[in-house]
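Visitor: quick check, what structure comes out for this input:
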Amino acid sequence: MNIHPKNHWIWITYLVFYTFYMTQITQEFFVADSAMRHYYIFLVLFDRYYLIPLFMNALMIIMNILSIIPVYCYIFKRKFLSENFWKLFLVIRICAELNGHHYESKVVQAFWFDDPFVSFSIVLMGLCWMAPSYLVLYIYAFKRSKALGH
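Guide: Prediction:
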C-alpha cells in the first residue's frame, strides 16, 4: 500500500490529530489531578492487586504514544529499526490495548446505564482514532519494503 501523492495530506492530517490525541491521553494519565490518576490511586489504595490494571494502562499508553513513530515513518517513507522489532511491537501493543482499558471500560459502562447510544459512540470514536495507526503499523511491520518503495 503506497501513499498516493493526492492522499498524502490526509495522512499528515491524521498524524497531527493522532499525535494530539495520544498526547492528551498521556497527559491525563500522568497529570496528578486527573480523574484517571485518582481512579488508579484509589484502586491501588484499596487493594494492591489493582497495580496490574495500572501497569497495563501505563504499558498501553506508552505503546500508543510510541506508535506515532511508525505512522510518521510510513508517511515520510523512512526506515527506522527492523521489521522484526515492529512485528514484536505490534503484538505487544495489541496485548496492551486489549488489557489496558480498565478506567475507560468503567467510564463507558457508566455511560451505558445512562444512554447506550453515547456509550456506543465513545467506543466507535475510539476505534476510528486507533484503526489507521494499527493498519499503518501492520504495513510497516510486515510489508515495509513494498510500502516504502525500497
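Visitor: low-confidence ranges in the protein?
Guide: Residue ranges of the chain with pLDDT under 70: 1-7, 147-150.
Visitor: which parts of it are helices?
Guide: Secondary structure of the chain (DSSP state H): helices at 8-30, 35-46, 51-66, 68-75, 83-99, 102-114, 116-142, 144-148.
Visitor: would you mind finding the most buried of these?
Guide: helix 68-75 (a mean of 19; mean count of other Cβ atoms under 10 Å). C-beta coordinates here come from the backbone N, C-alpha and C atoms, glycine included.
Visitor: for it, give me every contacting residue.
Guide: Identification of contacts with helix 68-75 by Cβ atoms under 8 Å, 6 or more residues apart in numbering yields 3, 8, 11-12, 14-15, 18-19, 22, 78-80, 86, 89, 132-133, 136-137, 139-141, 147-148.
Visitor: now stretch 83-99
Guide: 56, 59-60, 63-64, 66-67, 70, 130, 134, 137-138, 140-142, 144.
Visitor: which residue is nearest the centroid of this protein?
Guide: For the chain, the residue nearest the mean C-alpha position is residue 64 (3.6 Å; Cα atoms, centre = their mean).
Visitor: mind checking how far that residue is from residue 118?
Guide: 23 Å (Cβ to Cβ, to the nearest Å).
Visitor: for residue 126, give me its contacts.
Guide: Contacts of residue 126 by Cβ under 8 Å, 6+ apart are residue 104.
Visitor: and the one 5 residues further on, by the same measure?
Guide: For residue 131, no contacting residues are found, by Cβ under 8 Å, 6+ apart.
Visitor: from residue 143, how far out is it?
Guide: 17 Å.
Visitor: kindly report the same for residue 47.
Guide: 44 Å.
Visitor: and for stretch 23-40, what's in contact with it?
Guide: Contacts of stretch 23-40 (Cβ under 8 Å, 6+ apart): 50, 53-54, 57-58, 61, 64-65, 103, 106.
Visitor: go again using 6 Å as the cut-off
Guide: 54, 61, 65, 103 (Cβ atoms under 6 Å, 6 or more residues apart in numbering).
Visitor: just the CA trace of that stretch, in CSV.
Guide: Provided in CSV are the C-alpha atoms of stretch 23-40 (Å, rounded to 0.1, in the frame of the first residue of the first chain):
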residue,chain,number,x,y,z
THR,A,23,-0.6,13.4,23.9
GLN,A,24,-4.0,14.1,25.6
ILE,A,25,-4.3,10.5,26.8
THR,A,26,-0.8,10.5,28.1
GLN,A,27,-1.3,13.8,29.9
GLU,A,28,-4.5,12.5,31.5
PHE,A,29,-2.6,9.5,32.9
PHE,A,30,0.4,11.4,34.2
VAL,A,31,-1.2,14.7,35.5
ALA,A,32,-1.7,14.4,39.2
ASP,A,33,-5.1,16.0,39.3
SER,A,34,-6.8,13.9,36.5
ALA,A,35,-9.8,11.7,37.0
MET,A,36,-7.9,8.7,35.6
ARG,A,37,-5.0,9.2,38.0
HIS,A,38,-7.4,9.5,41.0
TYR,A,39,-9.2,6.3,39.9
TYR,A,40,-6.0,4.2,39.9
